[in-house]
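Asker: below are the sequence and a predicted model for it; my questions follow.
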Amino acid sequence: MIQSLWRRLLTLVATVALLASACASGGLGTITSEGAIADTPEPTETPEPTETPEPTATPEPTATPEPTPTPSVEELVTAEIDQFMETNGIPALSLGVNVGGEDALAIARGVSNIQSNTEATVDDYYRIASITKTVTATVMLQLVQEGLVDLDATVSSYLGPWAPGYEYEGVVTVRQLLNHTSGFIEFAFDLGFYAQTLSRLEVPFEPQEILDYTASKPPLSEPGTEYNYTTSGFVAAGLIIEAVTGNPADEEIATRIFAPAGVTQVFLPPQALPPKEAITGYNRGALGAALEGLGLLAEENLVDFNGETYADLSAFPQEALRSAGWTGGGIEAVPLDGARMFRGLFVSSGLTEETIAEMIAPTLDTSYGLGVSVDVIDGITVYTHGGGVPGFRSYAAYLPEYDLSLLFSTNLIPYDLDVDELAAIIIPLLVADLS
C-alpha cells in the first residue's frame with residue numbers, strides 16, 4: 001500500500017465617431033409696391049398677404065459616441081493572468097515587474113487560502129525555489145572575480161571530503177556544480193528522499209545531509225559529459241561560499257545581493273526567515289491521497305476548489321521541506337522584491353560584462369549557463385530561471401535590452417500549462433508598453 005502511495009507521489013515530481021450636424025436657415029424678403037397720381041384709378045385690390053412659411057426646423061445634432069478606451073498594460077497583463085489561472089485551476093498568482101530600477105507593476109490575483117477565501121495581496125510571500133540557483137551562482141562568480149574561487153578547480157580543494165562514497169568526489173569541479181554536469185541525481189525527484197523527508201518533517205536538513213544522500217546514489221554520467229539538472233550542486237556551492245568567506249551563506253547572499261538591489265522582503269531559510277509565513281501551497285492529484293493515506297493530512301486538509309480536490313501542503317510541519325533546497329532552492333520572497341533582486345544579479349551585483357558572458361554561455365547542447373538559462377521570446381533575449389517546490393511554482397526573468405525584470409509565483413503545483421507559457425505571453429506585452 002505504501003509503495004503504491006509512493007508511486008502516486010512520484011508521479012507528481014513535475015486575455016471615433018464622426019460628429020454629423022445639419023443646419024438650415026431661411027430669410028423672408030420685404031414685399032413693396034409703388035403707385036402714380038393720375039385719374040383717379042379704380043382702387044386696386046389689396047392683395048392677400050402671402051403666408052409666411054414655417055421656418056425649417058434645425059435637426060438635432062447626432063450624439064458623439066464615446067471612444068473605446070485603449071486597455072492599459074496592467075489590464076492586458078491581468079487578463080492574461082486570469083486566463084492562465086482559470087486554465088490551470090490556480091488559487092493565487094502574484095507578479096512583480098521592475099524597469100530600470102523602478103517598480104513598474106505589481107499584480108495579485110486569486111486567494112491565498114482556499115479554506116478561508118483570503119484574497120491574495122502583493123505583499124504575500126511565496127517560495128521561489130530554484131530561482132535561488134541564479135542568486136547562488138552570482139555570488140560564486142563574485143568570488144571568482146575576487147580571486148577566491150576558481151571555476152575549474154575541484155570542489156574537494158575547497159571542501160575536502162564533501163560527497164562520501166561518490167565515485168567522482170575528487171573530480172567534480174565548481175563549474176560542473178553550477179552547470180549541472182556533476183553527474184548527481186536530482187534528490188527532489190527521488191522517491192527515497194521523500195520517504196526520508198516524511199519521516200522527519202519537523203527536523204531541518206543540514207546541507208551535508210543533502211550531499212550525503214545524493215552521493216549515495218550512482219552517478220548519472222561522468223562529470224562534464226552530460227547535463228542532468230540537480231539541486232545538490234548548488235547546495236555544495238553554498239558550502240563553498242561559507243568555506244572561502246568564513247560567513248554563513250545567507251549572510252553573504254544578503255550582503256552581496258539583497259542589499260545592493262535594495263530588497264528587504266527576500267529571505268533564505270532556515271537561517272533567515274521572513275516576518276510571516278508564505279501563503280498556503282496546494283497540490284492536486286495523487287499526492288493529496290498519498291499524504292492522507294500516510295496520516296499526514298486530515299480530511300479537512302483536502303479541499304474542494306472549482307470541483308477538484310486540492311491538498312493543503314501547508315497543513316503539516318514545514319521545517320524539512322523549507323531547508324532541503326537551501327542555496328539550491330530555498331529563497332522565500334514577495335514577488336515584487338524578487339523582481340528587483342533578479343535585476344540586481346545583472347545590474348548591481350558587480351559582475352563584469354566578461355563574467356556575465358561566461359555566466360550565460362550555454363552548457364553542451366542546452367540553453368543553460370551557470371545558474372541561468374538564456375531564452376528568446378518574440379525575438380527578445382531573456383535571462384531566466386524557473387522554480388518549483390511542493391505547493392509553489394515560480395518564474396523570473398531579466399531582459400538586458402530593456403533593463404526589465406519580472407518574477408511571478410503561484411501557490412499550486414503541478415498544472416498543465418507551465419509558467420513559461422504565461423511568460424511568453426506577458427513579456428511581449430510589457431515590452432510593447434515600453435516602445
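Answerer: Perfect, I can see it now. In this text, all values refer to a predicted model and were calculated from it rather than measured experimentally.

Asker: the stretch 301-435 of the chain: helices as residue ranges?
Answerer: Taking DSSP state H, counting those that start in this stretch, the helices of the stretch 301-435 of the chain run over residues 319-324, 335-347, 353-360, 419-434.

Asker: looking at those helices, which is buried most?
Answerer: Stretch with highest mean neighbour count among the helices of the stretch 301-435 of the chain: helix 335-347 (a mean of 27; mean count of other CB atoms under 10 Å). The way it works is simple: take the backbone N, C-alpha and C, and place the C-beta from them, glycine included.

Asker: now L273, nearest residue through space, not along the chain?
Answerer: Spatial nearest neighbour of L273, excluding adjacent residues (CB to CB, 6 or more residues apart in numbering): F267 at 6.0 Å.

Asker: state the number of residues packed around the one you found.
Answerer: A count of neighbours around F267, defined by other CB atoms under 10 Å, yields 23.

Asker: ok, now the one 10 residues further on?
Answerer: Neighbours of E277 under the rule other CB under 10 Å: 13.

Asker: and for stretch 379-389, what's in contact with it?
Answerer: Residues from elsewhere that reach stretch 379-389 (CB atoms under 8 Å, 6 or more residues apart in numbering): 127-134, 188, 281, 321, 325, 329, 346, 360, 371-376, 393-402, 413-414, 418-420, 423, 427-428, 431.

Asker: list the buried residues for that stretch?
Answerer: I380, V382, Y383, T384, H385, G386, G387, G388, V389 (16 or more other CB atoms under 10 Å).

Asker: same thing with stretch 134-145?
Answerer: T134, V135, T136, A137, T138, V139, M140, L141, Q142, L143, V144.

Asker: give me the element the closest residue to G328 other than its chain neighbours is part of.
Answerer: In space, and not counting its chain neighbours, G328 is closest to F234: 3.3 Å by CB to CB, 6+ apart. F234 belongs to helix 232-245 when assigned by DSSP states H and E.

Asker: quick revisit: quick check: pLDDT value at the residue nearest to L273.
Answerer: We have a pLDDT of 98 for F267.

Asker: V172 against S157, yeah?
Answerer: No - V172 lies out of contact with S157 (CB atoms under 8 Å); the separation is 10.8 Å.

Asker: and the two? which has more neighbours close in?
Answerer: Just comparing V172 and S157: by other CB under 10 Å the higher neighbour count belongs to V172, 24 against 13.

Asker: what sits against that one?
Answerer: T154, V155, S156, A163, Y166, S182, G183, P223.

Asker: mind running it again at 6 Å?
Answerer: V155, S182, P223 (CB atoms under 6 Å, 6 or more residues apart in numbering).
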